[in-house]
Each structure stands twice: as structure tokens, then as C-alpha cells.
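1. Need a 3D model of the following:
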Amino acid sequence: MRYKMGWVSGLLLAVGVVSTAHAERLDHFKGLPAETLEEAVSNLSEYNRKLGAILAADDLSVADMAEIHELTYTLENALERINEELAELAEILEEVHVASETGDFDAALHRGRVYLDTARKVIE
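-> Next comes the predicted model:
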């Protein structure tokens, strides 16, 4: 297997990681930004495909590990944006829920549309 021959040393050299006593994470890659929900979903989809292609192999090389490491920065940015957007979406859904309980037809209609518009960016 390709990863048996000093893969840890090779990985550290390949990605330029400096080991510290506290194993602190170094942000040496920025990854692609995810400024909007649409951008985050697009990046998540594209970079999941890239990660999947690498992980489809029976074993991983040092270069594969370096690429995985770099890909995760964009994936983390995408997930952070999606988590923020979904937290806000949950609040909007709660407004729709309360509107339905209290008979606020206008709020149910308008906030419900906002909810669906955002939710569809993730699921459709």
C-alpha cells in the first residue's frame, strides 16, 4: 500500500504543517468563500464530488492527503454558511408556525414564502 512508507512525514511536508506541542490547527489555506447560501451549496456539492473522487481509491497517497486537507477548507466554509442560513431559516419557520397558531394569515403567507424561497435553495 502506498501509505505505509512514511505517510505522516510526507503529509507534513506536502501541506507544510508545522507540528506544535499543543497540535494547534494552522489556517494555511483559506478555501473558497461562501458569501451566499447559493454559493455555499454549490461549493459543497462541487467539493464533495472532488472529495468523493479521491476517496473512491482503495488507498491514499501523500498527494491525496494533501488535496483532502486543502479541500476541507472550502467544505468548512460552505458548511459554516449553510449552518448560519439554516439557523435563520428555523427562526423564519417558527414565525410561520406561530402565525398559523394565532391566525395571522398575512404573516403566514409572507413569511411562509420567505421560508420556502430559502429552503428551496438547499433542497432543489
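
2. ok, and for stretch 92-109, which residues are buried?
-> Buried positions in stretch 92-109, judged by neighbour count with 16 or more other Cβ atoms under 10 Å: 92, 93, 95, 96, 99, 108. Yep, even glycine has a C-beta here, placed from its N, CA and C like the rest.

3. How far does the longest helix belonging to the chain sit from its chain's centre?
-> In the chain, taking DSSP state H as the definition, the longest helix is helix 62-102. Mean-position distance between helix 62-102 and its chain equals 7 Å (Cα atoms, centre = their mean, to the nearest Å).

4. right, and the helix or strand after that helix?
-> Toward the C-terminus, helix 62-102 is succeeded by helix 105-123 as the next helix or strand (DSSP states H and E).

5. re earlier: for the longest helix of the chain, packing partners?
-> Counting contacts by 3 or more Cβ pairs under 8 Å, 6 or more residues apart in numbering; DSSP states H and E, helix 62-102 packs against helix 7-15, helix 37-55, helix 105-123.

6. Make CSV out of those and add distance to residue 66.
-> Output for the helices and strands packed on helix 62-102, formatted as CSV (distance: least, Cβ to Cβ, whole Å):
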stretch, distance to residue 66
helix 7-15, 4
helix 37-55, 10
helix 105-123, 30
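
7. Worst mean pLDDT among these?
-> In terms of mean pLDDT, the lowest-scoring of those is helix 7-15 (a mean of 43).

8. Leaving out the residues flanking it, which one is nearest to the most centrally placed residue in the chain?
-> Nearest to the mean C-alpha position of the chain, by Cα atoms, centre = their mean, lies residue 79 at 2.7 Å. Nearest residue to residue 79, sequence neighbours excluded (Cβ to Cβ, 6 or more residues apart in numbering): residue 44, at 6.8 Å.

9. Equivalent analysis for residue 38, please.
-> Counting by Cβ to Cβ, 6+ apart, residue 121 is the residue found nearest to residue 38 once chain neighbours are left out, at 5.7 Å.

10. Now for that neighbour: which residues touch it?
-> Counting by Cβ atoms under 8 Å, 6 or more residues apart in numbering, residue 121 touches 37, 38, 41.

11. got it, and residue 51?
-> Applying Cβ under 8 Å, 6+ apart, we find residue 51 in contact with 68, 71, 72, 75.
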